[in-house]
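[1] Pasting the sequence and the predicted coordinates here, then a few questions.
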Amino acid sequence: MAITVQNFIKLANLYNQMTMVMSAICVQKGGIAIENYVGRFFLADVLEYITEYGRRLVAAKHENVPPDVAAVIDKFQHQYNLVKDLITPTQKPLYEMTLEEFERVMNI
């Protein structure tokens, strides 16, 4: 996937939709706190990926990042800093793995 503003916007929308679904699941399960929901680890991994994607988007000088998208990247970075202790630990960050490395780590 090429690193573009449009792809970042799609990933940001995915993350926002996932947080809404996670909140709905917590309500459906009796109003459990989001901090107690097991899906928060997966959502932290997704946020890690999107944050790194945004960092690389800003670093790519060929892509002009609008100010509103840059603000979203900063917001995601702040959110990531709050939950980075929840991400899946690996020797290598998830966004740097090849498909084969990912499959090996996940036992697929």
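    Ah, there it is. Numbers count the residues shown, from 1 in each chain.
[2] and the residue in the chain sticking out farthest from the centre, helix, strand or coil?
    Note on the chain: the largest C-alpha distance from the chain mean falls to residue 30, namely 26.3 Å (C-alpha atoms, centre = their mean). Secondary structure, DSSP: H, G, I helix; E, B strand; the rest coil: residue 30 is coil.
[3] Quick check: closest non-adjacent residue to the residue nearest in space to the middle of the chain.
    For the chain, residue 47 is the residue whose C-alpha lies nearest the centre (C-alpha atoms, centre = their mean; 1.9 Å). Residue nearest to residue 47 in three dimensions, not counting chain neighbours: residue 80, with 5.1 Å by C-beta to C-beta, 6 or more residues apart in numbering. Quick note: C-beta positions are derived from backbone N, CA and C, even for glycine.
[4] The residue farthest from the centre of the chain: what's it in contact with?
    Residues near residue 30 by C-beta atoms under 8 Å, 6 or more residues apart in numbering: none.
[5] Now do it against residue 36, distance only.
    11 Å (C-beta to C-beta, to the nearest Å).
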